[in-house]
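*Asks:* Mind looking at a prediction? Sequence and model below.
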Amino acid sequence: MKLLIVDDSLVVRDAIQRSVDSGTISEVFRAGDGEEAVSTFARERPELVTMDLTLPRLNGLGAIRQIRDIAPTTSILVISALNSHKTAMEAIALGACGFLTKPFTPREISEALDQLVEHAASQG
Amino acid sequence: MSSDTFLPSLTPQSTLAELPAWDIRLPVTARGDDFDEVLRHNADLPGVVVFDAAGVRGAISRARFQEVISRPFGGEIVRPRAIGSLLGEFSTGVVLILDRNTPVQDALRESLSRDKTMIYEPVLVSANGGKEVRLIGFTDLLRADSRISSLRNQQMQEILATVQEGFLLVDRDHRIAGEYSRSVETILGRTDLAGGLLSEVLFDLLGEEQAGLAGDYLEALFNPNVIEKLVVDINPLKSVQVPERAGRPRRHLGFAFRRSTEGKEIRRILVRVEDRTREVELAGELEEQEHQAAQRVDLAMEMMQVEPEALTDYLTRFLAETTQISRLRSQDAGSNRTAVDAIFRILHSLKGEAGVIGLRSFAQRLHRTEDVAASLRDGARSDGNPERLDPWIESLRELGAEAKDLIVRLSALASRKTVDAAANRTADLLPALETLTADLSSRLGKPARFVAHWRDEDLPVAYAGLMREALIQLTRNSMVHGVETQQERNQAGKPACAVLQVALRRHEAEGQLEVLFQDDGRGLDLDRIRQRALELFGNKVLSDDQAAQVIFEPGFSTAATTTSDAGRGVGLDLVRDRVESVGGMILVHSEPSVYCAFQIILPLDPEVR
């Protein structure tokens, strides 16, 4: 499976990528803003996406909407600070299948990615 | 006898004193026959205490005696002999004697730790400071323990019952199923739950916003695209506060949600609700303790940076003044404005000095106390309740005690030379004022420097404290009210950096000491002072001279808001009082946009009055 990591922070992108299990995830793409996320997604069509909500250019909610428009069964995990429950609920309503709050531990992120892989497999 | 009917008065804290104790004793010389006779006359007797001239020798139980005489020839051997000689056989001679205040459960544990041949033997209890010894049967001890254990268990159940936790189920339409646990009614405070909408219940309990979020969250959980474990973090009702209402105090509830699935279909959501009030309160208390610990560290750090003599001086004064404040409060009948005023001034002056020597913790707490006192003073005529001050005064006294405690510990760290404190105070006054000016200058964004024409030896030591208070107030007053902002100074064509000057002169012939304090700020705004005087005191027509004098009136301030630097309307009245209290006087001279000067005249010999 392919994974797209979207976060405007290099540190966070690295932290997420470090927890990727190369046994199940064969390829990782990265994007630093919402527009780059959508274009990379359209080009590479990954099954999995981790999405930050506060992003330059196009915010996370907008990116989720566009990605789900391109491929409605994509498994999207929001990884963001929980600034407002309302935004979190909106992300879910737009089609994200989970929400991991920052800051996270390596264990949390790796468990969440496992669940995301499982979810994508069941979508298959 | 069941353990429930045995000794109904037992409690989990019961001791041996509450158990049936036997006071039947036999001398070592009594024969086995005599023992048999005693046992036959006292059907419940578990055993006897055996004694000789030296005191207690041991105990023999009914069970053990009967066991021995039932052996072949046992009766023939035992009955005619003195029981003392049998002690070795009936017991190992080591007797367990416990104090009567021993808890039952401890006593049982002790008795069970005896040699295994002794375990079922009676326990001896000493009473009356060891003068009396009584006997308690092992079975009674066991029964009592069993009863107590069941009581403890019962109490545990009661405790568990008060841990409020309930469960309910909601369906796809967010309707509450009928089979919820009863405690949910207690927690949510209503009984009409079955068939109702969870969102409506939450609406009544928590308001629209949280009820709406909870509805969205339920929808998310019913959404098969959503991974249940990956939305736990965004549960909006993880910990919510229920406001006080209808006689119920404010509470904290926690909601947790789990899917209930059949096959792949999400049928219902199981909702667990618990009352987390105690938990949240405990967490709050813990946080408060940590906060206090952090404050103590801050205080210690501050104190270590203060010059030791100045610190000791300040603290001595602080302790004395807070005691004085307490006294004033206790004399205060409730509407005594003079007392509140006096308290107010002490606070203000203590605060000023704290700021100068760098005790920010003191300055901050004094400022907040002053806030309360200010609201009292201003509202004293109507509804000011001076009791509101008490917790603050208490907190100041605690702070003082804490600092005093710290000082002892800090002084253990650094050996300190003894210096004449009063002499030192005249010496460190000018540097302190320079520091204060620099500090206020940077905080207020008004460039200023402090210039002194002053020889420390010209100031009588007796005036050191007074002068310190007065000049601190005047410096503050100048920096806050007198000195303009940089922009204003530019516009007025004045040098950017303001100058505060203080001069000290001895007039030996007149027997006077003169202190002149002057700034090159905006001068007194007499129109504004007139206007404030009218608002505050109802004074209508004032000449320029009269208006200038108003600034010395208690409670006068032209500042719209108060900060820890000025605006209280205390300060100048305090200075005047202190100066007048030693027979001196204070005058103010001013020219708009040029300067404002305070002239303090004191008798050279402080003993005059």
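*Replies:* Now that the structure is in, tell me what you want to look at.
*Asks:* Quick one: name the residues of the stretch 101-250 of chain B near chain A.
*Replies:* B:213, B:216-217, B:219-220, B:223, B:225-227, B:229-231, B:233-234, B:236 (C-beta under 8 Å from any C-beta of the partner chain). C-beta here means a position set from N, CA and C on the backbone, and glycine is covered the same way.
*Asks:* ok, now chain B?
*Replies:* Applying C-beta under 8 Å from any C-beta, we find that chain B lies next to chain A at B:213, B:216-217, B:219-220, B:223, B:225-227, B:229-231, B:233-234, B:236.
*Asks:* swap the cut-off to 7 Å and go again
*Replies:* Within chain B, the positions near chain A by C-beta under 7 Å from any C-beta of the partner chain are B:213, B:216-217, B:220, B:225-227, B:229-231, B:233-234, B:236.
*Asks:* Now list the buried members of these.
*Replies:* Burial by neighbour count, 16 or more other C-beta atoms under 10 Å in any protein chain shown: within the residues of chain B next to chain A this picks out B:213, B:216, B:217, B:220, B:225, B:226, B:227, B:230, B:231, B:233, B:234, B:236.
*Asks:* Strands - which of those land there?
*Replies:* Residues of those located in strands (DSSP state E): none.
*Asks:* Quickly name whichever of the residues of chain B next to chain A is closest to residue B:512.
*Replies:* Using C-beta to C-beta, residue B:236 comes nearest to residue B:512 of the residues of chain B next to chain A, at 74.2 Å.
*Asks:* Pretty sure the closest one sits against residue B:211.
*Replies:* No: using C-beta atoms under 7 Å, residue B:236 and residue B:211 do not qualify as a contacting pair, with a distance of 9.8 Å.
*Asks:* Run a quick neighbour tally on residue B:97.
*Replies:* For residue B:97, the tally of surrounding residues (other C-beta atoms under 10 Å in any protein chain shown) stands at 12.
*Asks:* Closest one of the residues of the stretch 101-250 of chain B next to chain A to chain A?
*Replies:* Comparing these against chain A with C-beta to the nearest C-beta picks out residue B:230 as the nearest, at 2.5 Å.
*Asks:* which residue sits closest to the closest one in space, ignoring its chain neighbours?
*Replies:* Distances taken as C-beta to C-beta, 6 or more residues apart in numbering or on different chains place residue A:98 nearest to residue B:230, at 2.5 Å, with adjacent residues excluded.
*Asks:* OK, contacts around that neighbour?
*Replies:* A:77, A:112, A:115, A:116, B:226, B:227, B:230, B:231 (C-beta atoms under 7 Å, 6 or more residues apart in numbering or on different chains).
*Asks:* and the first one, how far is that from chain B?
*Replies:* Residue A:77 sits 7 Å away from chain B when distances are taken as C-beta to the nearest C-beta, to the nearest Å.
*Asks:* partner strands of the helix or strand encompassing that residue, parallel or antiparallel?
*Replies:* In the assignment (DSSP states H and E), residue A:77 maps to strand A:75-80. According to DSSP bridges, strand A:75-80 forms sheet pairs with strand A:48-51 (parallel), strand A:98-101 (parallel).
*Asks:* what would those strands look like in TSV with mean pLDDT?
*Replies:* Formatted as TSV, the strands paired with strand A:75-80 follow (pLDDT from 0 to 100):
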stretch	mean pLDDT
strand A:48-51	96
strand A:98-101	92
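*Asks:* related to what we said a few turns ago, for residue A:39, state which of the residues of chain B next to chain A is nearest.
*Replies:* Nearest to residue A:39 among these is residue B:225, at 24.1 Å by C-beta to C-beta.
*Asks:* Check the closest one and give its pLDDT.
*Replies:* The pLDDT attached to residue B:225 in the predicted structure is 91.
*Asks:* which non-adjacent residue is nearest residue B:407?
*Replies:* Closest to residue B:407 by C-beta to C-beta, 6+ apart is residue B:315, at 6.4 Å.
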